[in-house]
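Peer 1: After the sequence you'll find the predicted model.
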Amino acid sequence: NVSFTLGHVTDESLQVLARCCPKLESLCISGSGRRISDAGIAAVAQSCRVLRRLEMADMSPNVGDAAVVAVAEHCPQLQHLCVARNAISDAAVKAVAFGCPLLEHLDVSKNRGRLTDASVAAVAEQCSRLTHLNVETTHVTDTSISMIGRRCTRLRHLNVSNTRGSVTDKSLLEIAQHCPRLRQLKVAWTQRRITDVSLLAIARRGCLEYLDASGTRGGVTKPAVKRIEQACPGAVVLCNDF
């Protein structure tokens, strides 16, 4: 397990790491500066075939699709991937979906590429073990989130905040029906498209530990928040709309 978070890492150091540590299982290089490119990540992927966890958030502009595709092609045991705040496209996330069927944790939030239902639907179809999904500030809609609900029934953490009103009660009702283990849900700034209806349905499972419904512009009401807190004792519920 190696972490270089906020360190000054280069392609050359990653290439040395790859040669010397072929059994590497966990690598964190998020925010490690701009001296890393797709080539450095590809070197790790090609040599470290048992990699299970990779965090490389906030690595653009030098790290993009090519790095993610290399990981998808060479690291079939990958379980945890964070590529938040990068410029990753649907093509790269689709490659991960098909190349890493054991994936449990995926964070593609605040991506400067244009991530859509096409890639998240592929994740739903191929990665049934998924427990954590963060698609905050992407272009996903009810289409892919409904598929996540129906196919990824182990889901525990979901973040669909700031999805431009394209994720609504419709898909969250699928989550409520099929994902009984959901513990953490973030639906902030969803433009009144997520309301009491779906959140109460999820709360009835009695498992919620954290809910962020900030900025729902009246979609979530004070009486509903009280009922959620009653159904899920001890849960942290954030809602600043009243």
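Peer 2: Right, received. Where do you want to start?

Peer 1: Break down the protein into its helices, ranges please.
Peer 2: 11-20, 38-47, 65-74, 90-99, 117-126, 142-151, 169-178, 196-203, 222-231 (DSSP state H).

Peer 1: ok, and what's touching the fifth one?
Peer 2: If I follow you right, that is helix 117-126. By CB atoms under 8 Å, 6 or more residues apart in numbering, the surrounding residues in contact with helix 117-126 are 89-94, 96-98, 101, 103, 106, 108, 130, 133, 135, 138-141, 143-145, 147-148, 150-152. Backbone N, C-alpha and C define where each C-beta goes, glycine included.

Peer 1: Whichever of those end up buried, select them in PyMOL.
Peer 2: In PyMOL, a selection of the buried entries from those looks like this (16 or more other CB atoms under 10 Å):
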select buried, resi 89+90+92+93+94+96+97+103+106+108+130+133+135+138+139+140+141+143+144+145+147+148+151+152
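
Peer 1: rewinding a little: in a markdown table: the helices of the chain, plus distance to Lys186 and mean pLDDT.
Peer 2: Shown next, in a markdown table, are the helices of the chain (distance: least, CB to CB, whole Å; pLDDT from 0 to 100):
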| stretch | distance to Lys186 | mean pLDDT |
| --- | --- | --- |
| helix 11-20 | 32 | 95 |
| helix 38-47 | 28 | 97 |
| helix 65-74 | 23 | 98 |
| helix 90-99 | 20 | 98 |
| helix 117-126 | 16 | 98 |
| helix 142-151 | 13 | 98 |
| helix 169-178 | 12 | 98 |
| helix 196-203 | 12 | 98 |
| helix 222-231 | 14 | 96 |
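
Peer 1: Could you say which one of the ones you listed comes nearest to Gln184?
Peer 2: Proximity to Gln184 (CB to CB) singles out helix 196-203 among the helices of the chain, at 11.0 Å.

Peer 1: Just the CA trace of that closest one, in PDB.
Peer 2: Written as PDB, here are the backbone C-alpha positions of helix 196-203 (Å, rounded to 0.1, in the frame of the first residue of the first chain):
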ATOM      1  CA  ASP A 196     -40.300  13.800   0.300                       C
ATOM      2  CA  VAL A 197     -41.800  10.900  -1.700                       C
ATOM      3  CA  SER A 198     -38.500   9.100  -2.500                       C
ATOM      4  CA  LEU A 199     -36.600  10.000   0.700                       C
ATOM      5  CA  LEU A 200     -39.400   8.700   2.900                       C
ATOM      6  CA  ALA A 201     -39.400   5.500   0.900                       C
ATOM      7  CA  ILE A 202     -35.700   5.100   1.500                       C
ATOM      8  CA  ALA A 203     -36.000   6.000   5.200                       C
END
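
Peer 1: Could you pull up the residues touching Ser37?
Peer 2: 11, 62-63, 67.

Peer 1: repeat that for 6 Å
Peer 2: Under the criterion of CB atoms under 6 Å, 6 or more residues apart in numbering, the neighbours of Ser37 are 11, 62.

Peer 1: hmm, back to that, could the helices of the chain go into TSV alongside distance to Ala188?
Peer 2: As requested, those are exported to TSV (distance: least, CB to CB, whole Å):
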stretch	distance to Ala188
helix 11-20	35
helix 38-47	31
helix 65-74	27
helix 90-99	23
helix 117-126	19
helix 142-151	15
helix 169-178	13
helix 196-203	12
helix 222-231	14
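
Peer 1: For Val237, which of those is the nearest?
Peer 2: helix 222-231 (5.5 Å).

Peer 1: what sits up against the closest one?
Peer 2: In contact with helix 222-231 (CB under 6 Å, 6+ apart) are residues 196, 200, 203-204, 206, 237, 239, 242.
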